[in-house]
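> fold the following for me, if possible:
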Amino acid sequence: MVRLPWRGRGAETNDDGSHSTEGGDGDEESANERAEPDERHSDARLVCEFQDGTLCVYDDRVVIERVARSRFADKTIPAAEISGVDLSKGITIGYIQIEQVGVAVDEGGLLSDPVNENTLHFGRGGRDCAADARTEILSIARG
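Numbering: from 1, shown residues only. The predicted structure is shown next:
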């Protein structure tokens, strides 16, 4: 079986080309990684799946879980450190960037979106969830 990075954690391609989410060593952490985001974050206010990770908004924090291919690690941002949220729905690809005290804001370039540890990108299908996430994050922000 081949593990493909764009299939997410735990996803594998069988010899016949079919896809399987089973695998791993069977421990509890692997089972948790294979669970749907809503199941892993049942106490979250909102869970959005984006191209480069999952965004979870809780009452006191925001959690960013990165896909395996990301150069950034998973991150938890306490509500007290959130100073704002930048949302761009974009023409084809949009982004949501959480502004955090002590973390430099990336403004991107003329033809590029920002890329930093607090930015997630989404296609057209993620626009509504990103807008809802912005509202929820601003409602808990205390920074």
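> for the rest of this, base every contact and every neighbour count on C-alpha atoms.
Will do.
> mind listing what's buried along the longest helix anywhere in the chain?
As assigned by DSSP state H, the longest helix anywhere in the chain is helix 127-140. Judged by neighbour count using 16 or more other Cα atoms under 10 Å, the buried positions of helix 127-140 are 127, 129, 130, 133, 134, 136, 137, 138, 140.
> redo the residues you listed as TSV? Include distance to residue 83 and pLDDT.
As requested, the buried residues of helix 127-140 are arranged in TSV below (distance: Cα to Cα, whole Å; pLDDT from 0 to 100):
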residue	distance to residue 83	pLDDT
127	21	95
129	20	96
130	17	97
133	15	97
134	12	97
136	13	97
137	10	97
138	8	97
140	10	96
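> from these, pick the one nearest residue 53.
Using Cα to Cα, residue 130 comes nearest to residue 53 of these, at 12.3 Å.
> quick one: low-confidence parts of this structure?
1-38, 106-113, 143 (pLDDT under 70).
> repeat that with 80
Within the chain, the ranges that satisfy pLDDT under 80 run 1-39, 103-114, 143.
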